[in-house]
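Peer 1: Sequence first, predicted model second:
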Number of protein chains: 4
Amino acid sequence: MIRYATAGESHGPSLTAILEGIPAGVPVTEAYVNKELSRRQYSFGRGERLQYIEKDTARILSGVRWGETLGSPITFQIENKDWENWEKIMSVSAEDQQEKFRLTRPRPGHADLVGVLKFDRKDTRDILERASARETAARTAVGALCRRLLEELGIKIYSWVEEIGGVVAHTETLSVEDAFSLAEKSPVRCPDKKAEEKMMDAIKDAKANGDTLGGVYTVVATGCPVGLGNHTQWDLKLDGRLAQAILSIQAHKGVEMGRGFDMAKRKGSDLHDEIHYKEGRGFFRESNNAGGIEGGMSNGEPIVVRAAVKPLASLRKPLRSVNILTKAEMTAEIVRSDVCPVASAAVIGEAVTAIALAQAVKEKFGSDSLREMQDHLTRYKEHLLRF
Amino acid sequence: MIRYATAGESHGPSLTAILEGIPAGVPVTEAYVNKELSRRQYSFGRGERLQYIEKDTARILSGVRWGETLGSPITFQIENKDWENWEKIMSVSAEDQQEKFRLTRPRPGHADLVGVLKFDRKDTRDILERASARETAARTAVGALCRRLLEELGIKIYSWVEEIGGVVAHTETLSVEDAFSLAEKSPVRCPDKKAEEKMMDAIKDAKANGDTLGGVYTVVATGCPVGLGNHTQWDLKLDGRLAQAILSIQAHKGVEMGRGFDMAKRKGSDLHDEIHYKEGRGFFRESNNAGGIEGGMSNGEPIVVRAAVKPLASLRKPLRSVNILTKAEMTAEIVRSDVCPVASAAVIGEAVTAIALAQAVKEKFGSDSLREMQDHLTRYKEHLLRF
Amino acid sequence: MIRYATAGESHGPSLTAILEGIPAGVPVTEAYVNKELSRRQYSFGRGERLQYIEKDTARILSGVRWGETLGSPITFQIENKDWENWEKIMSVSAEDQQEKFRLTRPRPGHADLVGVLKFDRKDTRDILERASARETAARTAVGALCRRLLEELGIKIYSWVEEIGGVVAHTETLSVEDAFSLAEKSPVRCPDKKAEEKMMDAIKDAKANGDTLGGVYTVVATGCPVGLGNHTQWDLKLDGRLAQAILSIQAHKGVEMGRGFDMAKRKGSDLHDEIHYKEGRGFFRESNNAGGIEGGMSNGEPIVVRAAVKPLASLRKPLRSVNILTKAEMTAEIVRSDVCPVASAAVIGEAVTAIALAQAVKEKFGSDSLREMQDHLTRYKEHLLRF
Amino acid sequence: MIRYATAGESHGPSLTAILEGIPAGVPVTEAYVNKELSRRQYSFGRGERLQYIEKDTARILSGVRWGETLGSPITFQIENKDWENWEKIMSVSAEDQQEKFRLTRPRPGHADLVGVLKFDRKDTRDILERASARETAARTAVGALCRRLLEELGIKIYSWVEEIGGVVAHTETLSVEDAFSLAEKSPVRCPDKKAEEKMMDAIKDAKANGDTLGGVYTVVATGCPVGLGNHTQWDLKLDGRLAQAILSIQAHKGVEMGRGFDMAKRKGSDLHDEIHYKEGRGFFRESNNAGGIEGGMSNGEPIVVRAAVKPLASLRKPLRSVNILTKAEMTAEIVRSDVCPVASAAVIGEAVTAIALAQAVKEKFGSDSLREMQDHLTRYKEHLLRF
């Protein structure tokens, strides 16, 4: 069973994550994890100052020794490089409390108001620090380790941006690998050059107006063996688990598998992926409308997930709100933020997909060492061919 | 903690569900549960024979006494009324095995092929019996009990169909209550009379062609207090949990919260629901683009979930497949099925939403008796007004 | 992941259990399960009428077809053979409520009083029906299926009684197999003939006096591979999980692993099981003071668990109590019961041990079919020899 | 839901724990947590050098601000003060691997051998670092926070040592508070002065002989309201959960509730705690043989848990073992260790008891803020008096 939890306030001394259940013997370096953190951070239209400060690096504090996982819990710690400026504001000690630091104007679209009401706090910072999307840096570190495991099993994860601020990219004719490698070079993670330009213009416009933009991205996982997830109980189904993973990312409002909402418009006879067989290859499909999942289980085709991200709720052009202490109507707090987080979101989407798939792999294959897991997978693939 | 599991093969002697964690003292009858089961069953375009046989009723075998829940696990049993015709085919005993009953032509779009490979079975019935959407009858019974609890707390759940086979209904101007009561009277669960007619035509057409149709529906929950779910950890966020609940329903391929994918096209300044306050009413909003969820928590506005259902994969016009024993290409098994399950799916969507909300309510308010839970809720609402 | 839940009131229409995660392809019959149920029921000193009525049989309602598990949830249903006499008392319907059926005098040592206070009920039957040890019939059925799985992997589970009412058996010189087979023939499940006689006398005495007796039993599991359970996190340790399984059985008040409490009296140098190695056999021990568990993991030696059972709290010689409605002091309700349940308890102890071990096996080896699990185990045993 | 995980190798850069689900508003300081860590560390007979190095302090890295919990995950970090001497041996980087650091002689009674076999490692350090009882420092920090919460609800936790190396203390006549305050002043945590002296002699003897000793301790929790835990499902019962918590502590081999194993020797009529009632006090007992738990739920009397700790398996007088690489018989690795950890173990036993009780409290009362939880508890206590 692979489990994980993250902890940490956005401007606290550090983010921390503990990841359990990774088999022993997986080769990994801090540099590998940090590459994923930096993929998450780069994006066109992020506030410049923000980008500088957030240059995150994760330190691995447990569970890895001499280049390999040990099978024990893995701790990631991402220090706040700007901590010296926050020591008083985020101090553990009651003595550091100062009225002037209090935030009282909740931002619409954020956890601020709901959180202070639920947890009975009189300072929205007590909520927004944890609700902040900065928490996804910790999830990205966890996802990096899971991705490392999956790579050793032949499973790869890709993403690219499909849409920003209403500008839609054309990616249908690209292979997964090409779409990904074009996206890796694009400031907005978009493989379609024409769309990319328009997206960048839209972001510049939004920035000029103190506004924000959302978008849509696609994550694809290739190399998944048949039979991850389980049709037998609601909470074991792979599509449900991927959906939870995606919609648990801050600012995500929609998710679909394969052709998703578009499927609702079509006829059954056009849609289902017919079954073929070839000696030496086993069963296969020539289409993938299902997005690699049937009956809540992977079917051996690429798993395709699309996600909708809302425009960020932290606007320089502030929205109307109410002071939680005085109840006077006023504008919401302005907190430094990005204009358009979709490119980053796609990288986070990769990370949570990696985690969900690693969990399903561990359930199917058990194993306490990578060697054992690889052996189980090999045996299973032989079974599939022999079936 | 509210937990549940369902069990049972589609043509086995019965479906069973065990539901735990409902407080004691919730008034409930079998008739109440059965009304939900029959709401799930009625829909235009369902195969007639099917509808007759499936006239499900649930018996409550534990956890309810003299009209009230006891706080102990609640068992629902839904008997297969056609069991006498299946006793041999689905027998527990090895002696009843007969070659002629074996199914070997997996249906694309179903769990059939993946399942036999994963579980190493040589009969697709060993998989399709459990993967069948008939399992949702058990989830509907569980959902009915959760809905009963929620009603006692002032939370109501509604649904209607938005789209079938590409025909889109117009429902924007209707109140939730009106949309629901019109839907309750519609053969396709659609509150828009004009769209309803076109949907019925589309279904008739599809039926005539041995084809199937999918669609989109909306579920709304009103009366949820501020603060269900939790922003503090990925797996506690209410939107992620609702997304898992919805995408774990058979044939569901997409889910969105509030304006969902449409949000990706818009500007932040147009979108976020500004905050207001009135003495005696507390904090409130005048729009609900977020669909009642901010920061992974309910914000007191109606929770709005939309779901995409694919056209059923059981077609009378069969798809190409491969015999799992001989590996010869042939058409897939034909299994009796509906043409368009969207109206039923909406009722199931209500059920799983009810379950997810009841779970979140129990987490927030604890409580072993309904009286205690109502008291905790009342105290909390007083706190919200006093805040 | 193997999960299970039981449901059902003692005198309700039936007990039900749902067991998930058993791989497909495990051969099993209802007769096999029922043999375990009858082992649980037989014991000297049980009330005769009780024994007759309780002659339990479990029906398997799902998850098994044609003699093999399907990998889907398995439902066990144990009907109440005396249901016709309880239909009104335990009815789901409010119309059947009658004042005369109400129980108001809680029995010390039972859940009665705590339960009515916690769940806010005015009838101790609302609690005692679920708290009753009859629930363990459902756990025994679940355990039987897990035992069946373990047998296919070479793991066997034994038990015998060590002590009743202060009479201590001498079993040190017996092999596990001999102790078990002698116990199977003993009316008090005791392999020591001399002690058996004294135990039976003690039970007769207690019965004559309207009193009850407790005792101690041992459960042993042989054939467990090295490495079930996990040292890496508190809730994964096998000893902790076995301890929870045992102390969650009604009336159990103590549990120990290997030499347990006796270890606390000894020196480290006398106690730890030294390590040896032989080509073809691998690592092994010549003593087993640890009871087969080191560092929270099985070490390949027999797992040895001892449990203490208190004298039943249902006495014919009633204890002092208070009427929950009037608050008047009076004697507690008298509910028909056994004199000494230790022999039955040992069989239940076997069942919950089987469940805990099956869970640990599934974690280590994953697998969706028995064939796959056996293959993984074989590969692992080869690895242990090759290490 | 209160959840937690610990991470960290014994000589790694730090231990880390993440604790979730503590309500907001609980006043706490690092000093409070560190007091518990130092209570865990002090004990007669611990190796002196060890004691110096291990002078642990926990830093709180998240979830607490300005002296109060926020409701978000709380991170504890306990740095290894001797890290500079371990940087190479425990390095994350493959470049630091050196053959000379490898440990190959597994210690009987430890996870060493089982672990290398299970996780396929060729260095017992890869296992023993995580299996080490030093991990309990992290659990103690988690327990300290839970204890802080419980204190705010009127629940207090005590412990003392009952037995070391066969020397049994007499504590029957002492009140819980007296036994505790005497124990706090005793080098072996024993409230009986005479026994204390003999225990210290026994420890000195063992130390002189390179041997180790175990023992027995008692943990008591007072002030628990009626109804923590739940009789309705096996894994919700409070006694089972406490048993798991205790037996998941390193070197613990037995656990009992109330009179435990001694109950097995007695008659039912002598044993069960009769029920009384007094206006203004409600229901109560005049004895507490059950140890405060009936039917898997707290009954309002003090919860009494006794635990057996084995003599440590790290002996200066080494045991026979086998080199895992060469398979040659040789003595086991000698790792610096304590002679008798029972006094420390009792403090750890307090910590895990605090955690298990806090979890049960959160289940019963829900709540996101301390104020809300206190209100729920007050309302419940009023209900108990009014019942």
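Peer 2: That came through, no problem.
Peer 1: what's near enough to touch the residue of the stretch 51-200 of chain A found nearest chain C?
Peer 2: Chain C sits closest to A:Ser72 of the stretch 51-200 of chain A, with a gap of 4.6 Å, by Cβ to the nearest Cβ. (Each C-beta comes from the backbone N, C-alpha and C, glycine too.) By Cβ atoms under 8 Å, 6 or more residues apart in numbering or on different chains, the residues touching A:Ser72 are A:Ser62, A:Gly63, C:Thr232, D:Ala7, D:Glu9, D:Glu129, D:Arg130.
Peer 1: The residues you listed in helices, which ones?
Peer 2: D:Glu129, D:Arg130 (DSSP state H).
Peer 1: residues in chain A within reach of chain C, list them.
Peer 2: Selection of chain A residues close to chain C by Cβ under 8 Å from any Cβ of the partner chain yields A:1, A:20, A:71-73, A:227, A:232-233, A:362-368, A:372, A:375-376, A:379-380, A:383.
Peer 1: Buried ones among those?
Peer 2: The neighbour-count test (16 or more other Cβ atoms under 10 Å in any protein chain shown) marks A:20, A:71-73, A:227, A:232-233, A:362-368, A:372, A:375-376, A:380, A:383 as buried among the residues of chain A next to chain C.
Peer 1: Give me the neighbour count for the closest residue to A:Glu279 other than its chain neighbours.
Peer 2: The shortest distance from A:Glu279 to any non-neighbouring residue, by Cβ to Cβ, 6 or more residues apart in numbering or on different chains, is to B:Lys327 (7.8 Å). Neighbour count of B:Lys327, defined by other Cβ atoms under 10 Å in any protein chain shown: 13.
Peer 1: would B:Lys327 count as being in a strand?
Peer 2: No: under DSSP: H, G, I helix; E, B strand; the rest coil, B:Lys327 falls outside any strand and is assigned coil.
Peer 1: shouldn't it be in contact with A:Tyr277?
Peer 2: Yes: counting by Cβ atoms under 8 Å, A:Tyr277 is a contact partner of B:Lys327 at 5.0 Å.
Peer 1: circling back to that earlier point, might you specify the subset of the buried ones among the residues of chain A next to chain C located within helices?
Peer 2: Among these, the residues falling in helices (DSSP H) are A:Lys362, A:Glu363, A:Lys364, A:Phe365, A:Glu372, A:Asp375, A:His376, A:Tyr380, A:His383.
Peer 1: What are the neighbouring residues in contact with A:Lys310?
Peer 2: By Cβ under 8 Å, 6+ apart, the contact list for A:Lys310 reads A:Gly109, A:Gly214, A:Ala251, A:His252, A:Lys253, B:Met263, B:Ala264, B:Gly268, B:Leu271.
Peer 1: what's the answer for A:Ala313, then?
Peer 2: A:Ala313 makes contact with A:Arg107, A:Pro108, A:Gly109, A:His110, A:Thr212, A:Ala251, B:Gly268, B:His272, according to Cβ under 8 Å, 6+ apart.
Peer 1: Spell out which helix or strand contains it, please.
Peer 2: Assigned by DSSP states H and E, A:Ala313 belongs to neither a helix nor a strand.
Peer 1: and it, what pLDDT?
Peer 2: Note on A:Ala313: pLDDT of 80.
Peer 1: Grab the nearest non-local neighbour of it.
Peer 2: Sequence neighbours aside, A:Gly109 is the residue nearest to A:Ala313 in space, at 2.7 Å (criterion: Cβ to Cβ, 6+ apart).
Peer 1: Helices of chain A, residue ranges please.
Peer 2: A:30-41, A:48-53, A:112-119, A:125-131, A:136-152, A:176-185, A:193-208, A:238-247, A:268-271, A:342-365, A:370-386.
Peer 1: A:Lys55 - how many residues pack around it?
Peer 2: Using other Cβ under 10 Å, A:Lys55 is surrounded by 11 other residues.
Peer 1: Likewise for the one 5 residues further on?
Peer 2: When counting by other Cβ under 10 Å, one arrives at 22 neighbours for A:Ile60.
Peer 1: mind listing what the nearest residue to it once chain neighbours are set aside touches?
Peer 2: Of all residues not flanking A:Ile60 in the chain, D:Val92 sits nearest, at 5.0 Å (Cβ to Cβ, 6+ apart). Residues near D:Val92 by Cβ under 8 Å, 6+ apart: A:Thr29, A:Glu30, A:Ile60, A:Val64, A:Arg65, A:Trp66, A:Gly67.
Peer 1: Where neighbours are concerned, which of those residues has the most?
Peer 2: Going by other Cβ under 10 Å, A:Val64 tops the contacts of D:Val92 with 28 neighbours.
Peer 1: What are the neighbouring residues in contact with that residue?
Peer 2: A:Val28, A:Leu70, A:Ile74, D:Val92.
Peer 1: measure the last one to A:Trp66 for me?
Peer 2: It refers to D:Val92. To A:Trp66, D:Val92 is 8 Å away according to Cβ to Cβ, to the nearest Å.
Peer 1: try the first one
Peer 2: Distance of A:Val28 to A:Trp66, given as Cβ to Cβ: 11 Å.
Peer 1: How about A:Pro23?
Peer 2: Counting by Cβ to Cβ, the gap from A:Pro23 to A:Trp66 is 16 Å.
Peer 1: likewise A:Glu172?
Peer 2: Counting by Cβ to Cβ, the gap from A:Glu172 to A:Trp66 is 46 Å.
Peer 1: returning to what we had before: mind putting the helices of chain A in CSV, mean pLDDT and distance to C:Asn289 included?
Peer 2: Shown next, in CSV, are the helices of chain A (pLDDT from 0 to 100; distance: least, Cβ to Cβ, whole Å):
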stretch, mean pLDDT, distance to C:Asn289
helix A:30-41, 95, 43
helix A:48-53, 53, 58
helix A:112-119, 98, 50
helix A:125-131, 98, 48
helix A:136-152, 98, 38
helix A:176-185, 97, 57
helix A:193-208, 95, 69
helix A:238-247, 98, 44
helix A:268-271, 88, 64
helix A:342-365, 98, 34
helix A:370-386, 98, 30
